[in-house]
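1. Show me how the following folds:
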Amino acid sequence: NIRLSTTGASSDVTLGVVDARTASDRSANTLAQQSTTPVWGSVAIVAGGSVLDAAADTATPTNVYANGLRISAGGSVGVLGASVNAIETEVVTLAASAGSGGINLIDDTALTIGSVSSVVVNRVTSAGGVSAEPATAEAALAGLSTTASSNGSIVARATALTVSNAVGANGSGNVLLQAQSGAMTVSAGVSSGSGHISVLSSGAQTYGAAGDIATGSRVVGADTVRGTVDIDANASITMDAGAEFTTDGGNLRISATGATSDITLGDVAAATGSVGIVAGRSILDADRKSTRLKSSHGYISYAVFCLK
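-> Modelled structure (predicted):
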């Protein structure tokens, strides 16, 4: 295991390469032992300030190799905005919490947003012995989140993505989850206080009963700003009958553009917003028991709308 910790309120951790692979995988540049015995170590990074990449976004090698990675930052994890610079990882399971700068992470292969338990290392004492660090195990860190009053956005990309624990952007923070060359599986909630949410994939998307997508609204001066939801795949999108996509009057669009792509609906509710559903093939109902579309305005594009 590897642990990097700087606790000063404005103290940053700037990453080169943090490598917890086995020697054989490092030498052969393979993933053979990433999650099988002897398994790669896990990495914990704790910063009172931000966790940053030492190199430019386009020039950076992988920053962290690990089985599990947990990152806690008072500022940002990576950089969003004009100076965008993601933290690059090669890990199995990731959990992160950040403040106003938000979270920007990209994984080299398939990634699970999940729960990572305390990462314990041995601290060498002045007597030459060792003691556990941290002395008291930390609670597991789960999912991706930005802290209260931060309005921090969240961007997480990988070849394929599984959301096993909640992803939540505070306030007006936006969320992008992207499976760039594979499938997206969502079994925990994805939310923003009032920001916009995009879930994109080149492969199929599957939403479990707890795989809800939700955003709200906020008042800015005399205006109400309403978060929107954007679900887009180049293959089928399948919602469990208990899954819900909701906005507080913001528009909501679900698009499955592959020629043989179906959309199977749980509940979709946009209040006064509009709902757009575009399928390459069919639009289906997950259980044919209840009202699936709840909107003052809506459109369904394609000739087939049917119930399973």
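
2. Please state the offset of stretch 75-89 from the chain centre?
-> From the chain centre to the centre of stretch 75-89 is a distance of 14 Å (C-alpha atoms, centre = their mean, to the nearest Å).

3. just for this structure, where's the confidence low?
-> By pLDDT under 70, the weakly predicted segments of the chain are 60, 289-291, 296-308.

4. So which residue is dead centre in it?
-> The structure's the chain has its C-alpha centroid closest to residue 156; by C-alpha atoms, centre = their mean the separation is 4.6 Å.

5. what packs against the helix or strand hosting it?
-> Of the helices and strands defined by DSSP states H and E, residue 156 is found in strand 154-158. Using 3 or more C-beta pairs under 8 Å, 6 or more residues apart in numbering; DSSP states H and E as the contact criterion, the neighbours of strand 154-158 among helices and strands are strand 103-107, strand 111-113, strand 144-146, strand 167-169, strand 175-179. Where C-beta positions appear, they are placed from N, C-alpha and C, glycine not excepted.

6. Tell me the helices and strands packed up against the third one.
-> Spelled out, it's strand 144-146. For strand 144-146, where contacts count as 3+ C-beta pairs under 8 Å, 6+ apart, the packed elements are strand 93-98, strand 154-158, strand 167-169.

7. Over to the residue of the chain most remote from its centre: give its phi and psi.
-> Here the chain reaches farthest from its C-alpha mean at residue 127, the gap being 43.3 Å by C-alpha atoms, centre = their mean. Backbone torsions for residue 127, taken as degrees, to the nearest 10, come to phi -90, psi 0.

8. helices or strands up against the following helix or strand past the strand holding residue 156?
-> Toward the C-terminus, strand 154-158 is succeeded by strand 161-163 as the next helix or strand (DSSP H and E). With contacts defined as 3+ C-beta pairs under 8 Å, 6+ apart, the packing partners of strand 161-163 are strand 111-113, strand 175-179, strand 184-186.

9. Neighbouring strands - and their directions - for the longest one?
-> Translated: strand 175-179. For strand 175-179, sheet partners with direction are given as strand 154-158 (parallel), strand 197-201 (parallel), following DSSP bridges.

10. neighbouring contacts of that strand?
-> For strand 175-179, the external contacting residues (C-beta atoms under 8 Å, 6 or more residues apart in numbering) are 153-161, 163, 167, 169, 184, 186, 190-192, 195-203.
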